[in-house]
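Colleague: Predicted model follows, preceded by the sequence.
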Amino acid sequence: MECEGKTGIHAIIVPLPGQGHINPAMQLAKKLASKGIAITFVLTQSWHNTITDAHSSTGVNAFSHARNLGLEIELVAIPDCVPGEFERGNKLYKFSQSLDNMESHVEELIKNLNQSNPTPVSCIVSDTFLGWAVPLAKKLRLLSVSFWTQNVLVFSITYHSYLAERQAGSVIHIPGVTPLQPADLPLWLKLSPDDVVVRVISRCFQTVREADWVVANSFLGLEGHVVEALWEKMRVYCVGPLLPSAYLDLSEPRDSVVGTSYRVEMDCTQFLDDKPPKSVIYVSFSSVLPMSTSQIEEIAMGIKESDYSFIWVLRHPGKECAEVSSMLPDGFLNETKQRGLVVPWCSQLKVLSHPSVGGFFSHCGWNSTLESISVGLPMLGFPLGAEQFANCKLIADDWKIGLRLRSGDDTDKVIGRDEIAEKVRRLMEGEEMRRAAERLRDVVKMEVRKGGTSDSNLERVVDELKTKLI
Ligand code: UDX
């Protein structure tokens, strides 16, 4: 990914401060920089510290890798005005409201950048969940790109529910969207209309219509019909999956990307190298949403009963460095040490793309889903919140690349070990699901290569940006 020549455009990119939003925003930053746009990437101070922390070589490498390629990306910090991931926990309300605190800092930053920088800021690229960003761009007479980090189906359902049909009564049919059970709807469509989260998201979907462009981290081969139907009302350009290019293009050596996240990553290569092909299940749930101790115990026993080897990313829900053994059944770590590895964090993409890994037991976060699809792995879905139930429904029912373990009907129910063990086995042995996942992987490769639809869509946005600025 080398720079194609400078355009004289300077964009600031403002992701929502969370791993699942920063990761794809960083990849978008690299892609835009490779098309000659100078990028200022804005993070809250603690995320900035995580990424530039000398102990977290992965974060430093991700950025120095970009700079080594000649890409113009500057990292800047604004004060910590929103709760960090670990303080956040279940306090979604506080978190949603606090996102507004970012606005004044970003406005001040733009003023400072314009005084100190030879190329003034001409565009704000912001996460769609930052409802203040498009109006700020208008106020400062800048162009705006709204960046949707989830799938277009969820965008379309939210768009229609909040803006159009909801005003006239209940939503009956959304063009391009296959039927969904109410329990599978994104969390923000299950809350009462006067809930704080609903008010925050409602504002985002009012302002997104004013954006000059909306780009989404999805691809047409997956969601072409949803995008096409939505285009009658709103243009959303799919430019994904936004993942490190080494994982999308097998001709580029994987070693050129040392890490894929911004935390200290445990290296699982040695463990995986010793295992037969497709014999390991990778287990990782959200970095944010907590899970009950009894559920963790059942998952541990289920994996154990399945007899498959595993890598499990498990962290204490409240503290970054807390010991996890107390969360697991007595003797679990000892009894499974030959075939299991429990780690606090790893390079997920590196693990998923190792030939010994045969399946992904996941909370169905959108990044995890795209990562699994991009390496052709089937998924066992255990959604926890946000829009993950909808993602899981797509995985299991529409794309048929996996199985589901949990529905949104009864989220207090603990799923037992026997069901978990049985579905782990079905996943690891299910040839049709694997073939369907591999077919999608091949589609991804076509879409992201030069001239593919995702690449062309981004090219189109950049061309239009240039034209509007002349
Ligand atoms: C939530 C929503 O569910 C998701 O759909 C939305 O787009 C972002 O917020 P999150 O819980 O952050 O998602 O999960 P996910 O979207 O899957 O992102 C997690 C990221 O962390 C992935 O890119 C994954 O590769 C990375 N990760 C996770 C690691 O690099 N190492 C790990 O050990 C675990």
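Modeller: On my side now, so go ahead.
Colleague: how near is His354 to Asn23?
Modeller: His354 is 19 Å from Asn23, where distance means C-beta to C-beta, to the nearest Å. C-beta coordinates here come from the backbone N, C-alpha and C atoms, glycine included.
Colleague: sorry, that was for Gly451
Modeller: Taken as C-beta to C-beta, the span from Gly451 to Asn23 is 25 Å.
Colleague: what's the answer for His316, then?
Modeller: From His316 to Asn23 the distance is 22 Å (C-beta to C-beta).
Colleague: Lys337 is in contact with Phe271, correct?
Modeller: No - applying C-beta atoms under 8 Å, one finds Phe271 not in contact with Lys337, separated by 10.6 Å.
Colleague: The two - which one has more neighbours?
Modeller: A count of neighbours by other C-beta atoms under 10 Å puts Phe271 above the other of Phe271 and Lys337, at 19 against 10.
Colleague: check which helix or strand covers the more buried one.
Modeller: helix 269-273 (DSSP states H and E).
Colleague: I'd like the mean pLDDT over that helix, please.
Modeller: Mean per-residue pLDDT for helix 269-273: 97.
Colleague: Then stretch 296-304?
Modeller: In the prediction, stretch 296-304 has an average pLDDT of 97.
Colleague: Those residues of the stretch 351-470 of the chain touching the ligand, which are they?
Modeller: Residues of the stretch 351-470 of the chain found near the ligand (C-beta under 6 Å from any ligand atom) are Gly365, Trp366, Asn367, Ser368, Glu371, Ala386, Glu387, Gln388.
Colleague: which of those lies closest to the ligand?
Modeller: Gly365 (2.4 Å; C-beta to the nearest ligand atom).
Colleague: so where's the chain shaky on pLDDT?
Modeller: For the chain, the stretches with pLDDT under 70 are 1-3, 53-65, 67-68, 85-91, 163-172, 249-262, 287-289, 317-322.
Colleague: could you list every residue that touches the residue nearest the centre of the chain?
Modeller: For the chain, Asn367 is the residue whose C-alpha lies nearest the centre (C-alpha atoms, centre = their mean; 3.2 Å). The contact partners of Asn367, by C-beta atoms under 8 Å, 6 or more residues apart in numbering, come to Gly20, Asn23, Pro24, Thr149, Asn217.
Colleague: following the helix or strand in which it is found, which helix or strand shows up next?
Modeller: Using DSSP H and E, Asn367 sits within helix 366-374. Next along the chain after helix 366-374, taking DSSP H and E as the criterion, comes strand 379-381.
Colleague: I would like the residues contacting that next one, please.
Modeller: Under the contact criterion C-beta under 8 Å, 6+ apart, strand 379-381 has outside partners 281, 359-364, 369, 372, 388, 391-392, 395-396, 401-406, 423-424, 427, 437.
Colleague: how does it look with 7 Å?
Modeller: Residues outside strand 379-381 that contact it (C-beta atoms under 7 Å, 6 or more residues apart in numbering) are 359-362, 364, 372, 392, 395-396, 401-405, 423-424, 427.
Colleague: Listing partners with orientation, what would you give for it?
Modeller: Strand 379-381 has the following strand partners under DSSP bridges: strand 357-362 (parallel), strand 402-404 (parallel).
Colleague: Relative to Leu191, which of the ones you listed is closest?
Modeller: strand 402-404 (22.6 Å; C-beta to C-beta).
Colleague: Point out the residues in the stretch 1-150 of the chain that sit beside the ligand.
Modeller: Gly18, Gln19, Gly20, His21, Asn23, Thr149, Gln150.
Colleague: Take the residues you listed and keep only those in helices.
Modeller: Among these, DSSP state H puts Gln19, Gly20, His21, Asn23 in helices.
Colleague: now the residues you listed in CSV, with neighbour count?
Modeller: Below are these laid out as CSV (neighbours: other C-beta atoms under 10 Å):
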residue, neighbour count
Gln19, 19
Gly20, 20
His21, 21
Asn23, 24
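Colleague: Closest one of those residues to Ser144?
Modeller: His21 (17.1 Å).
Colleague: Could you find the closest non-adjacent residue to the closest one?
Modeller: Pro15 (4.7 Å; C-beta to C-beta, 6 or more residues apart in numbering).
Colleague: For Asn217, see how far away the one you found is.
Modeller: Taking C-beta to C-beta, one finds Pro15 at 11 Å from Asn217.
Colleague: now Cys238
Modeller: 8 Å.
Colleague: do Thr293 as well
Modeller: From Thr293 to Asn217 the distance is 33 Å (C-beta to C-beta).
Colleague: Then Met428?
Modeller: 28 Å.
Colleague: What is the end-to-end distance of stretch 315-328?
Modeller: The first and final residues of stretch 315-328 sit 11 Å from each other (C-alpha to C-alpha, to the nearest Å).
Colleague: Specify the beta-bridge partners of the nearest residue to Ser368 once chain neighbours are set aside.
Modeller: Take Ser368 and drop its neighbours on the chain: the residue closest to it by C-beta to C-beta, 6+ apart is Ser362, 4.9 Å away. Ser362 forms beta bridges with Ser284, Gly381, as assigned by DSSP bridges.
Colleague: Nearest residue to Ile415 in space, please, no chain neighbours.
Modeller: Leu405 (5.5 Å).
Colleague: list the contacts for that neighbour?
Modeller: Neighbour list for Leu405: Leu380, Gly381, Phe382, Ile415, Glu419, Ile420, Lys423 [criterion: C-beta under 7 Å, 6+ apart].
Colleague: wait, Val154 sits on Phe389?
Modeller: No - with contacts defined as C-beta atoms under 7 Å, Val154 does not count as touching Phe389, sitting 10.3 Å away.
Colleague: could you pull out the strands for the stretch 101-250 of the chain?
Modeller: Using DSSP state E, counting those that start in this stretch, the strands of the stretch 101-250 of the chain run over residues 123-127, 143-148, 213-216, 236-238.
Colleague: Name the strands paired with the last one and say parallel or antiparallel.
Modeller: Strand 236-238 has the following sheet partners, assigned by DSSP bridges: strand 213-216 (parallel).
Colleague: Centre of the chain to the partner strand, how far?
Modeller: 15 Å (C-alpha atoms, centre = their mean, to the nearest Å).
Colleague: outside of that strand, which residues touch it?
Modeller: 145-148, 152, 155, 208, 234-240, 461.
Colleague: cool, and stretch 300-307?
Modeller: Val283, Phe310, Leu328, Pro329, Phe332, Thr336, Arg417, Ile420, Ala421, Val424, Arg425.
Colleague: try it again with 6 Å
Modeller: Applying C-beta atoms under 6 Å, 6 or more residues apart in numbering, the contact partners of stretch 300-307 are Phe310, Leu328, Pro329, Phe332, Thr336, Arg417, Ile420, Ala421, Val424, Arg425.
Colleague: Next, the buried residues of it.
Modeller: Going by neighbour count (16 or more other C-beta atoms under 10 Å), the buried part of stretch 300-307 is Ala300, Met301, Gly302, Ile303, Lys304, Ser306.
Colleague: Which helix or strand contains the fifth one?
Modeller: For Lys304, the element it lies in under DSSP H and E is helix 293-306.
Colleague: could you dump that helix to PDB, C-alpha only?
Modeller: What follows is helix 293-306, C-alpha atoms only, in PDB (Å, rounded to 0.1, in the frame of the first residue of the first chain):
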ATOM      1  CA  THR A 293     -19.300 -16.200  35.900                       C
ATOM      2  CA  SER A 294     -21.600 -19.200  35.500                       C
ATOM      3  CA  GLN A 295     -21.700 -18.700  31.700                       C
ATOM      4  CA  ILE A 296     -17.900 -18.600  31.600                       C
ATOM      5  CA  GLU A 297     -17.800 -21.800  33.600                       C
ATOM      6  CA  GLU A 298     -20.200 -23.500  31.200                       C
ATOM      7  CA  ILE A 299     -18.200 -22.300  28.200                       C
ATOM      8  CA  ALA A 300     -15.000 -23.700  29.800                       C
ATOM      9  CA  MET A 301     -16.500 -27.100  30.400                       C
ATOM     10  CA  GLY A 302     -18.200 -27.100  27.000                       C
ATOM     11  CA  ILE A 303     -14.900 -26.500  25.200                       C
ATOM     12  CA  LYS A 304     -13.200 -29.100  27.400                       C
ATOM     13  CA  GLU A 305     -15.900 -31.700  26.700                       C
ATOM     14  CA  SER A 306     -15.700 -31.000  22.900                       C
END
